[in-house]
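**Student:** Here is my input, please return the structure:
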Amino acid sequence: MEKQKGYTQKTHAVPTKRYCQTLDLKDDPALIQEYVKRHSEMHHWPEIAEGIRTVGILEMEIYQQGTRLFMIVETPLDFEWDSAFEKLATLPRQAEWEEYMSIFQQADAGATSSEKWKLMDRIFRLYD
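**Tutor:** All right, here's what the predicted structure looks like:
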């Protein structure tokens, strides 16, 4: 299994920073299975990935454990979170995607990505 071997990371030509977020899915195995499917390479919406890159995000990963989702967003150091997500909300199919995803998520219907996904505080790192 890949999770026991670890996940490789991309390297970028610029220094980066990370944002970490969490969101819970509805506790329904069929919905969770469909959510995972809709995020697979074969079934994702290309316009959504293009929009994510358009606002300056270099990499985005979502991990799942049961109903809990954990997202890592990598950006250049000059990335501005609020303005990027305001722009993202206006891009083609983004509102449609968020509305569709709300079927699976424990979040208000009609909420934007930045309203649903909650930024997390880092509480530990390997200190120098």
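**Student:** so the residue nearest the centre of the chain, which of the three states?
**Tutor:** Nearest to the mean C-alpha position of the chain, by Cα atoms, centre = their mean, lies M71 at 4.7 Å. Here M71 is recorded as strand under DSSP: H, G, I helix; E, B strand; the rest coil.
**Student:** just checking, it touches I57?
**Tutor:** No: assessed by Cβ atoms under 8 Å, M71 is found out of contact with I57, at 10.7 Å. In short, each C-beta sits where N, CA and C put it, glycine included.
**Student:** what bits of this structure have low per-residue confidence?
**Tutor:** 1 (pLDDT under 70).
**Student:** Just the helices from it, written as ranges.
**Tutor:** Using DSSP state H, the helices of the chain run over 2-5, 29-38, 46-54, 81-88, 94-101, 113-116.
**Student:** Nearest to Q21 among the ones you listed would be which one?
**Tutor:** helix 113-116 (9.0 Å; Cβ to Cβ).
**Student:** picking up where we left off before, the residue nearest to the centre of the chain pairs with what?
**Tutor:** Judged by DSSP bridges, the bridge partners of M71 are Q21, I62.
**Student:** Okay, it and A30: tell me how far apart.
**Tutor:** Distance of M71 to A30, computed by Cβ to Cβ, to the nearest Å: 22 Å.
**Student:** C20 now?
**Tutor:** 28 Å.
**Student:** These two: who's more crowded?
**Tutor:** C20 (14 against 8; other Cβ atoms under 10 Å).
**Student:** which non-adjacent residue is nearest that one?
**Tutor:** Nearest residue to C20, sequence neighbours excluded (Cβ to Cβ, 6 or more residues apart in numbering): M120, at 4.5 Å.
**Student:** dump the residue contacts of the one you found.
**Tutor:** 20-22 (Cβ atoms under 8 Å, 6 or more residues apart in numbering).
**Student:** close enough to count as contact, T112 and E98?
**Tutor:** Yes: under the contact definition of Cβ under 8 Å, T112 touches E98, with a separation of 6.1 Å.
**Student:** Between those two, which contacts overlap?
**Tutor:** Joint contacts of T112 and E98 (Cβ under 8 Å, 6+ apart) are A89.
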